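Trainee: sequence and computational prediction follow.
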Amino acid sequence: MTTTEAWSVAEAVLLSLGGGGAIVLVLSNWLGKVWAQRLMEQDRAKYAGELEKLRSDLEKSNRLVQADLEKTIFASKAHFETEFKALAAIWQRVVRVRAKMDHVQRVEAFFVNGEASPVQLGESLNLYDVDVKRLIRAIDFQSPFYPNEIFQHLELLVEIALRAGRRLTSCLDGSVWSWDDVRKGKENFDQFCKESDAVSNLIRERISKLSVYAGRLDIVSHV
C-alpha cells in the first residue's frame with residue numbers, strides 16, 4: 001500500500017467517526033505539515049552547510065592551481081626568452097663564419113691565380129679563425145639552453161670549419177699550391193653551407209614550437 005492510499009484509508013476512518021474525527025483529521029494534517037516543514041528545514045540547513053564547505057574547498061583548490069599555473073607560465077616564458085636569445089646569438093656567429101669562409105675561398109683562388117699575395121691570404125685566414133673561435137665559444141657557453149639535437153649539428157659545423165682552417169694553414173706553410181687545393185676548399189665550403197642550412201631549419205622549427213607553446217600559456221593565463 002502506498003502512502004497516498006494509507007492517508008485515504010485514514011481519512012475514511014476518521015470521517016466515519018463524525019465531528020470528533022474531523023477535528024482529529026485537521027490536527028493530523030496540520031501536524032504532518034509541521035513535521036514535513038521541519039524536516040525540509042533540517043535538510044536545507046544540512047545541504048547548505050555541505051554546499052558552503054564544497055564551495056570553500058573549490059575556491060582553495062582554484063587558488064592553488066592558479067598559483068602553480070602562474071609559476072609555470074613565468075618559468076616557461078623565461079625559458080623561451082633565454083633559448084631564443086641563445087639560438088639567435090649562435091646563428092649570428094654561424095652566418096659570420098660562413099661569410100668569412102666564402103671570402104677566404106675567393107682569396108685562395110686569387111692567390112693560386114697569382115692575383116693575391118700570401119700576406120693577403122694569411123690575413124683573410126686570421127680573420128676567419130677569429131670568427132670560428134667566437135662561434136665555438138657561443139656554442140659551448142650557451143649549450144645548456146637549447147636542445148641537444150641542435151648542439152650535435154653545431155658540433156659537426158664546427159668540425160667542418162676547423163678542417164677548412166687547418167687545410168689553409170697547411171697550404172700556407174707549404175711551397176706547393178694548386179687548383180686541387182682550391183677545389184678542396186670549395187668542397188669544405190659547400191659542406192658547411194649544407195650543414196648550416198640544416199641548423200637553420202632546426203632552429204626555425206624549435207622557435208616555432210616554443211612560440212606555439214608560449215601562445216597557449218598566454219591563452220590559459222587569461223582564462
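Mentor: That came through, no problem. Predicted model, so just to flag it, every value in this text is computed and none were measured.
Trainee: so, low pLDDT: which residues of the chain?
Mentor: Residues of the chain that meet the criterion pLDDT under 70 lie in 1-76, 174-176, 211-223.
Trainee: can you list the domains in it?
Mentor: Using automatic domain parsing, the domain ranges for the chain come out as 3-58, 76-221.
Trainee: roughly how far does residue 143 sit from residue 207?
Mentor: Residue 143 is 17 Å from residue 207, where distance means C-beta to C-beta, to the nearest Å. (Each C-beta comes from the backbone N, C-alpha and C, glycine too.)
Trainee: helices of the chain, start to end?
Mentor: 3-16, 19-112, 118-141, 148-173, 179-221 (DSSP state H).
Trainee: helices and strands around the fourth one, which ones?
Mentor: Here helix 148-173 is seen to pack against helix 19-112, helix 118-141, helix 179-221 when contacts are counted using 3 or more C-beta pairs under 8 Å, 6 or more residues apart in numbering; DSSP states H and E.
Trainee: so what's the residue count around residue 77?
Mentor: Neighbourhood size, residue 77 [other C-beta atoms under 10 Å]: 15.
Trainee: what about it, distance to residue 203?
Mentor: Counting by C-beta to C-beta - residue 77 and residue 203 are separated by 19 Å.
Trainee: over to residue 111?
Mentor: From residue 111 to residue 203 the distance is 35 Å (C-beta to C-beta).
Trainee: now swap in residue 106 and tell me
Mentor: Going from residue 106 to residue 203 by C-beta to C-beta gives 27 Å.
Trainee: between those two, which is the more surrounded one?
Mentor: residue 203 (22 against 15).
Trainee: pretty sure residue 157 contacts residue 94?
Mentor: Yes. Assessed by C-beta atoms under 8 Å, residue 157 is found in contact with residue 94 at 6.6 Å.
Trainee: which neighbours do those two share?
Mentor: 135, 196, 199 (C-beta atoms under 8 Å, 6 or more residues apart in numbering).
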